[in-house]
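[1] structure for the following, please:
(chains A and B, ligands or ions: 2)
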Number of protein chains: 2
Amino acid sequence: MSKHNLDWVGRLKPDAPDGATTIAIERSRSNIDVDSLSQHLLGTEFLECQGRILALLQKDPLFSKERQANLSRPDRYMLALARGKRLRQMTDKHEWSDEDHEMAKYLTDDVSPYQLHQTMFRQTLLEQSNPEQKKYWMDLHSSWKIIGAYAQTELGHGSNVSGIELTARWDPKAKEFILHSPTLTASKWWNGSLGRTATHSVIAAQLLLPEGFDDKGEIIYKGYGPHMFVTRVRDAETHLPLPGIAIGDIGPKYGYNSMDNAYMLFNNFRIPHDAMLSRYSRVDPTTGKYHKPENPAVVYGSMTHARKRITMASRLALARAVSVAVRYCSVRRQFQDKENPNPSSVETAVLDYPTVQIRLLPLLATTYALHYTGKRMGEIYDATRSSIDGGNMSSLIDLHSLSSGLKSLGSELAADGIETCRRSMGGHGYGGGSGLVQLNADYLAKPTVEGDNWMITQQMARYLLKKVDLIVNSSANFAPSNTTEGTLFEYHKAQSAGFPPLDIYFDNKQLVSSFQRRAAYLAFETHNAHRIRKRSWNSLLVQLHELSHAQSELILVQNFFDALFAEKSLPSSVQDVLWLNFRLFALSTMKKSALTFSRARAVSDKDLDLLSDTILGLMQEIRPHAVRLVDAWSIPDYLLDSALGRFDGRVYEDLFNRAHRLNPLNKITFNPYYWTDEIVMGSNDNGKILSKL
Amino acid sequence: MSKHNLDWVGRLKPDAPDGATTIAIERSRSNIDVDSLSQHLLGTEFLECQGRILALLQKDPLFSKERQANLSRPDRYMLALARGKRLRQMTDKHEWSDEDHEMAKYLTDDVSPYQLHQTMFRQTLLEQSNPEQKKYWMDLHSSWKIIGAYAQTELGHGSNVSGIELTARWDPKAKEFILHSPTLTASKWWNGSLGRTATHSVIAAQLLLPEGFDDKGEIIYKGYGPHMFVTRVRDAETHLPLPGIAIGDIGPKYGYNSMDNAYMLFNNFRIPHDAMLSRYSRVDPTTGKYHKPENPAVVYGSMTHARKRITMASRLALARAVSVAVRYCSVRRQFQDKENPNPSSVETAVLDYPTVQIRLLPLLATTYALHYTGKRMGEIYDATRSSIDGGNMSSLIDLHSLSSGLKSLGSELAADGIETCRRSMGGHGYGGGSGLVQLNADYLAKPTVEGDNWMITQQMARYLLKKVDLIVNSSANFAPSNTTEGTLFEYHKAQSAGFPPLDIYFDNKQLVSSFQRRAAYLAFETHNAHRIRKRSWNSLLVQLHELSHAQSELILVQNFFDALFAEKSLPSSVQDVLWLNFRLFALSTMKKSALTFSRARAVSDKDLDLLSDTILGLMQEIRPHAVRLVDAWSIPDYLLDSALGRFDGRVYEDLFNRAHRLNPLNKITFNPYYWTDEIVMGSNDNGKILSKL
Ligand SMILES: Cc1cc2nc3c(=O)[nH]c(=O)nc-3n(C[C@H](O)[C@H](O)[C@H](O)COP(=O)(O)OP(=O)(O)OC[C@H]3O[C@@H](n4cnc5c(N)ncnc54)[C@H](O)[C@@H]3O)c2cc1C
Ligand SMILES: Cc1cc2nc3c(=O)[nH]c(=O)nc-3n(C[C@H](O)[C@H](O)[C@H](O)COP(=O)(O)OP(=O)(O)OC[C@H]3O[C@@H](n4cnc5c(N)ncnc54)[C@H](O)[C@@H]3O)c2cc1C
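    Ligands and ions are numbered 1, 2, ... in the order given. Just a heads-up that it's a prediction; the model follows:
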C-alpha cells in the first residue's frame, strides 16, 4: 500500500460512546431472559449442536469467510466444492449425525454443489422408488460414490411440469427407454448440482409407450405424462458427460454462484427398464403395459416437503437480517434531537426514529410469527406423512394447499424483509460488511423455486373455494371437520344473522377473529365471483392471490396466538414481550390491507383511525427489548459474517479491519492516467492484464 | 468439455412458435407509432447520439459484456478502469461532446472509477471555488492530469453532515490548514473514485479557527462547521498516498463493484490557505478572521443537482427492467387455458395472466409518469439555477424540498420496480441472462446515496407544513404564489365550505383533484398534530414520510396530466394509449393507499369498490400495446445485455448460447469425490488451487 509509516492508523479508536459500550447499555435496559427464550425457540439440542459444530468449523481455514466475496464466479464454485468435500470428510471423522451435517452446512452458508444430492435426489428416490430400487440407490447415495441431481425444469417449462418436452420412449425390443430432447427448449435447465458436480440425476420425462402402428407401418406412441427416471450422466472415470448427453453449467446468476445449475440435452440416449422409478406407476417390461398409481396425489409428496422446508427456513433467514439491522441501528447514532429540551451530548440511536422502527420492529415480530407457524407446519407434516405411509392420502391435499400458501407468503415476507433491513442501515447497509449481500442474493431464489410465489397461491385459493362450496351447500347443523371449515361456517351464518362488532385493541382473541372474518369475507367474495357470477378463473387471479395471502396471514396470527396462549413455562417478562410482538405483527399486517379489513367489517372505522398510533405505541414498548429479542435467535457471528451485526457491537473496528487489512484490491497500485493503457502502476502491462477478461 | 461429437446440439431449435415469431405478432397487434413516441420521449438528438456512440463501442472488444459477470471483484475494477481510460481516449479522438461521453458511459453501464471526477468533484469546484480557484482547478480537471473525488461522508457520519469529525485547523503562523482525523470514526468512508484511482479530492472538514488562549497558554479553537477543501492526496509519480494520509478501497459491496469507494484518514496533514474553497465563505489569511456566506442555502446547490439527476435517471433505469420483463413475459408461455372453450394449441403468454400484468403494467405506466416529472424538474432546475446565478436564492429552497421528495419517491419506485420485474419472470429472472443482476445491484445504492430516502422526505414535509402555516394565518383573499399553495388554500376553504364529490372515473382532471385533496388532507392533519397538538417532530416521522410521498405522487400525476393535456403533436393512437397509462398509474397508485384517499374524502366508497376491476380493465386495454410501449424507450440490446429482453425475441437461443458457449466454468472438469481433495479432475492439485482463496 503505502511506503510511509502507518502506525498512527492502528492507534485510532472510534468516537465515544463506542459500539461495545452502547450495545451493553442496550442489553441492560431489558429484563428478558435470553437463554430461556432461545431454548424456547430453538431447543437445547439445536443450541448444543450449533456450539459444537461451530467450534470445529472455525478451526479450519477452508471455512474462513474473510475473502470469499472477492472471488470470481468459477473460484467461488471451487471453494464451495472443496468445502462440501470437507464437510463430508468431517462427517466420517467425527461421526456426525444428519443433523450435525445440516448444522455445518447452515453455518457455512454456501449453496453447496452437493445440495441436490442431499435433498431432492434423495427425497425422490426415497419416495418414488420401488423396494429394489430403493435398496440399490440409497446405499450408493449415502456412500457419495455417486452424486445425484434433480432434473425436472427445462428451458421452456418450469411451472407447467406437464409441458416438459423431454421424452422417454419405450423400446419393447431392447427393453429400454430412449431419452431424447426434440428441441432446444427441451433442454433441462436450472438443475442444481448437475452443471459440473453430479454423476447421476433423477430426470423427469414424458413417458411414451408404443400403441400399434400407423398406415405406413411406423409405431404410434401414446403419451402418459411426466414420469421420473434415474440414470448415470457422467463417466465414472473421466467425469465427462456420457456420449449422447450434453451438460454444462448455465453461468453466473443473481445469487447461488457457488452452485452449478445445469442445462442438459439428450440425443437418443438409452437407459434400462429399471431406470424408471416405479413405486407408484410402472411399465411392464414384458407386455409394455402401463400401470397407473392408485392415487395421483402422491406426486405432491416431495414438493410439499420442499415447500415446508422453505416455510420453516424463512424465519431464520429473516432473523439473520433482523439481528444485523437491530444491533447496528442501536449502535448507529445520527443527529442530536433539536426539539429535546434537555439535549444529550450524544446523538440519537437511529433505532429510536419511528421511521426506522416501522421498518424493523414489525419484521422482528414477523420472525416470531413465522416461527410458530413453521413449527406447527412441521407437526402437521409429520402427522400427514405417517398417515400417507399408512396408505391414507386425503390429508395430503390439505397439506399441499397449506404448504403452497405459506411458502408463498413466508418466502415473500423474508425476501422483502431482508432487503428492508438492508436499506434501513443507510450507506453501511450497502457495504459488504453488512453481511446481507450474499444472504439477499441467495435468498431471492426462494420466491421462485419450488413453485413461483404468485402462481402457487392458486392452490390455497382453490382449496378454500371448495370449502365454501361445501358450506353453502350444507345444512344448518353442518359439523366442521377443521378450523378452516369452522371459520367459514361461522361467517356464512353471520351473513344472515349479522356480524358482532370486534374489539381488536382490548382482546387478542378478537384480533384473531378479525383476521378470520377478513379471510372468510374474501373467500366468499371470490366464490361468488367465480361460482355465481361465472367469472373465469384466470380473470380472478389477483383476487385469488389476495385470498391466499389473507388466509396465510390468518394462519400466522392464529398460530402465534395459540402458541402464546398455551405457553406456560416462559418467565412472565418474556411472555409479556411476546404478546406485544403478537399484537405488533397482527396490527401492522392489518395496516397493510386496512381497506379489506374495513370492507369485511372486521374492524371498525374508529379502530382503524387509531391503528397508526397504536402501532407506534407498541413499538415504543418493544424498543428497549429489541436487542435481546434478536439475541434470542442465537445466530453466531460466524454465520452473520457481518461487521454491522456483531454481537459485541464493535461495528466500526470491524468495518475498518475489512477495508484496511483484508481487502485484496488494496495490495495493487494502479495507473489512473488515461494517456497510457498501463493498468498496474509501473508494470508496463500496457493493458495486457485485461487479456483474461 | 466433452470429447464426444456434439454437433446435434447445434442443430436444435426452440419449440414453435419461437420467440422471434411471437414478438413479431405482438408488435403487429398494436398501431402505436414507436418512432414518434421515441422522439417525443427522448428527442432526435439523444437518439442520433445513441446510435452513433453505440456503433463505436461495439467495435471495441474492451466493451464486450460477454464475460464480465465472471470476473473477481479486483478484476472487475480493472476492467472498469481500462474502459474509463478508453472512453476518454475516444473523446479526444472523435472529439466527443460532453453529451457524447455521457452517452458512452450510459451504454457501457459501469459505475466508473472516474465517476466522481466527472460529477461531484467537478460540480463542487464549479460551485464553491472563487474565480482564481476555479480557473486553476477547472483546467487541470478537464485535462485529466488530476483525478478528483468527493470526500464528505465518514465512517461515523453520513446523513448528519454537521457531525463529521475530520478537522481543518488554521495555523496562523504557517498560514496553513492542518487536516486531522481524531478518531477511527473520523475516517472518510464511501467516497467514490478515491479508493484506488484519484490523485486529488474535495474534502469536507470542520473548520477550526484560533480564538485566543486558555489559562495554560494553549490556543483555543472555535468551530465554524463543515467546509470544503481541495488537495492532492496521492503522489504524482508513484500514485501512493502522501505521507500523513492513509487511503484504501473499502472492499466488495452489494453493487458498485467496479467502483473504488474509499476510506481516508489524516495525521496532521498540512494544506495551503487556498485549499479552502472560498466562493461563499473564507478565512482571511492575514487576520485569521472568518467571513460567512451571505445565504447559507447555497450549500444546497450540488446536493439538489445530484437529487435532480437521480430523479431523471430513475425513468430509464426502470424502463430497462420493464423492457426486459414485458418482452420476455410476452414470449414466455406457460400452461394451456383449461377453462377456454376453444383451447389454443399453444400455451398462454404469461403476460396474459392478471397476476403478471398487475406487477408489470403499472410499472410500465410509471416509466412514463417519471418521465414527465423528470422533464419538468429539469426545466425548474434550469430556471432556478439562472436565478441563483443572478443572485436570487429564494427559489432554491423550493427546489431543494421538491428534489428531496421526488428523489425519495422516484428512486424507491425504480428500485422496487426493478426487483418486481425480475421476480415476474420466474426462474429465468434469477439467471444472469435476465440482464437485471448488475442493474439491480448497482441501482440499489440510489435509495441511500445523496440523502437516505426515508430521511430526506422530512424536507418536503417541512416545506409543506410551512405552507400550511402561511395559509391558516392568511385572510380570505390570500393570493397563492404557486400550485402547491393554491391546492392547500382550496382545501382550507373546503374544510368549512364542504368538499364537492369527485368523479375519478369519468374525468381525468378530477382524478388529479383527488390526489390534490389527499395530499392536502395529510398536510393539514400533520400540521394539526405538530403545530396544534404539539407532538414532537420525531414522533411524527412516519406521517411526515407519508405526506412527502403523497405530495410527490400528486406531482407525478399532475405533471403526467399536464403534459398529455398540452401535447398536440402526437398521433391520436399514441395519445389515447398514453391517457390509459396515465389512468393506470393514477389508479394503481391510489389503490396502494386507498384508505388515506377514503379518509380524505378524495374518493367515494362506491368508486373504491370499483377500483380493482377498473385497473383490470385498463390493463386489458394496454396489454396489446405493451411491447411497443417499451420499444419506444429505445434501449439498445447492448445496454440491456439481456437474453430475456432482446428486441428480436430470441430468448432461448441466447440463454443457451450464454450457457453452452460463453460460460468459462464449463471449460474445467472437476473431481466430485469427497475422499480426495483434488478439485480439477486429473490435476493432482490436492486442493492446492484453493491457496489463492
Ligand atoms: C436458483 C434456482 C434453482 C433451481 N433448481 C432446480 C432444480 O434443482 N431442479 C429443477 O428441476 N428445477 C430447478 N429450478 C427451476 C424452478 O423450479 C422453476 O424456475 C420454478 O418452478 C418457476 O418456474 P418457471 O421458471 O417456469 O417460471 P414461469 O412459470 O415461467 O414464471 C414466469 C411468470 O409467469 C407466471 N405464471 C406462470 N404460470 C402461471 C399461471 N398459471 N397463472 C398465473 N401466473 C403464472 C409466474 O407467476 C411468473 O411471474 C430452479 C430455479 C432456480 C431459480
Ligand atoms: C454506493 C455509495 C456511494 C457513495 N458515494 C459517496 C461519495 O462519493 N462521497 C461521499 O462523501 N459519500 C458517499 N456515500 C455516502 C452517502 O452519502 C451516505 O451513505 C448517505 O448519505 C446515507 O448516510 P448514512 O450512511 O450515514 O446513513 P444513516 O444516516 O446512518 O442511515 C441509517 C438509518 O438511519 C435513518 N436516519 C438517519 N437520520 C435520521 C433522522 N434524522 N430521522 C429519521 N431517520 C434517520 C436512515 O433513514 C437510515 O434508515 C456513498 C454511499 C453509497 C452507499
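
[2] can we go C-alpha only for contacts and neighbour counts from here?
    Fine.

[3] run through the residues that contact A:Lys105.
    By C-alpha atoms under 8 Å, 6 or more residues apart in numbering or on different chains, A:Lys105 lies in contact with A:Leu87, A:Ser112.

[4] next, it: phi, psi?
    phi -70, psi -40 (degrees, to the nearest 10).

[5] distance of the residue nearest to A:Ser36 when sequence neighbours are not counted relative to A:Val34?
    Among residues not flanking A:Ser36 along the chain, A:Leu570 sits closest, at 6.9 Å (C-alpha to C-alpha, 6 or more residues apart in numbering or on different chains). Look at A:Leu570 and A:Val34: by C-alpha to C-alpha, to the nearest Å, they are 11 Å apart.

[6] neighbour count: these two, which is higher?
    The neighbour comparison of A:Leu570 against A:Val34 (other C-alpha atoms under 10 Å in any protein chain shown) goes to A:Val34, with 19 against 15.

[7] okay but the more buried one is in contact with A:Ala626, surely?
    No - A:Val34 lies out of contact with A:Ala626 (C-alpha atoms under 8 Å); the separation is 11.4 Å.

[8] and the next helix or strand past the helix or strand where A:Leu564 lies?
    Using DSSP states H and E, A:Leu564 maps to helix A:541-566. Per DSSP H and E, the first helix or strand lying C-terminal to helix A:541-566 is helix A:572-592.

[9] CA atoms of that following helix as PDB?
    The C-alpha atoms that make up helix A:572-592 are tabulated as PDB, following Å, rounded to 0.1, in the frame of the first residue of the first chain:
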ATOM      1  CA  SER A 572     -43.700 -13.700  32.500                       C
ATOM      2  CA  SER A 573     -41.400 -10.900  31.500                       C
ATOM      3  CA  VAL A 574     -40.700 -12.900  28.300                       C
ATOM      4  CA  GLN A 575     -44.400 -13.800  27.800                       C
ATOM      5  CA  ASP A 576     -45.400 -10.200  28.000                       C
ATOM      6  CA  VAL A 577     -43.000  -9.000  25.400                       C
ATOM      7  CA  LEU A 578     -44.000 -11.900  23.100                       C
ATOM      8  CA  TRP A 579     -47.600 -10.800  23.400                       C
ATOM      9  CA  LEU A 580     -46.600  -7.300  22.400                       C
ATOM     10  CA  ASN A 581     -44.900  -8.800  19.400                       C
ATOM     11  CA  PHE A 582     -48.000 -10.700  18.600                       C
ATOM     12  CA  ARG A 583     -50.000  -7.500  18.600                       C
ATOM     13  CA  LEU A 584     -47.400  -5.600  16.600                       C
ATOM     14  CA  PHE A 585     -47.400  -8.400  14.000                       C
ATOM     15  CA  ALA A 586     -51.100  -8.600  13.700                       C
ATOM     16  CA  LEU A 587     -51.800  -4.800  13.700                       C
ATOM     17  CA  SER A 588     -49.000  -4.000  11.200                       C
ATOM     18  CA  THR A 589     -50.300  -6.800   8.900                       C
ATOM     19  CA  MET A 590     -53.700  -5.300   9.200                       C
ATOM     20  CA  LYS A 591     -52.500  -1.900   8.300                       C
ATOM     21  CA  LYS A 592     -51.100  -3.200   5.000                       C
END
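
[10] tell me the helix or strand right after that helix.
    Following helix A:572-592 in sequence, per DSSP H and E, is helix A:594-599.

[11] how about whichever helix or strand comes after that next one: buried residues?
    Downstream of helix A:594-599, the first helix or strand assigned by DSSP H and E is helix A:605-622. By neighbour count on 16 or more other C-alpha atoms under 10 Å in any protein chain shown, the buried set for helix A:605-622 is A:Leu608, A:Leu611, A:Thr614, A:Ile615, A:Leu616, A:Leu618, A:Met619, A:Ile622.

[12] then stretch A:209-223?
    Under 16+ other C-alpha under 10 Å, the buried positions of stretch A:209-223 are A:Leu209, A:Pro210, A:Tyr221.

[13] try stretch A:287-296
    Here stretch A:287-296 shows A:Gly288 as buried, counting by 16+ other C-alpha under 10 Å.

[14] contact partners of that stretch?
    Contacts of stretch A:287-296 (C-alpha under 8 Å, 6+ apart): A:Trp170, A:Pro172, A:Leu209, A:Pro210, A:Tyr280, A:Ser281, A:Arg282, A:Val283, A:Asp284, A:Met393.

[15] top of those residues by neighbour count?
    Most surrounded of the contacts of stretch A:287-296: other C-alpha under 10 Å gives A:Trp170, at 24 neighbours.

[16] what strand or helix carries the closest residue to it other than its chain neighbours?
    Closest residue in space to A:Trp170, ignoring its immediate chain neighbours: A:Phe177 at 4.5 Å, by C-alpha to C-alpha, 6+ apart. Using DSSP H and E, A:Phe177 falls within strand A:176-180.

[17] show me where the stretch 101-250 of chain A has its strands.
    A:148-151, A:167-171, A:176-180, A:188-191, A:200-213, A:219-232, A:245-249 (DSSP state E, counting those that start in this stretch).

[18] most neighbours per residue, which of those?
    Mean neighbours per residue, mean count of other C-alpha atoms under 10 Å in any protein chain shown, is largest over the strands of the stretch 101-250 of chain A for strand A:148-151, with a mean of 30.
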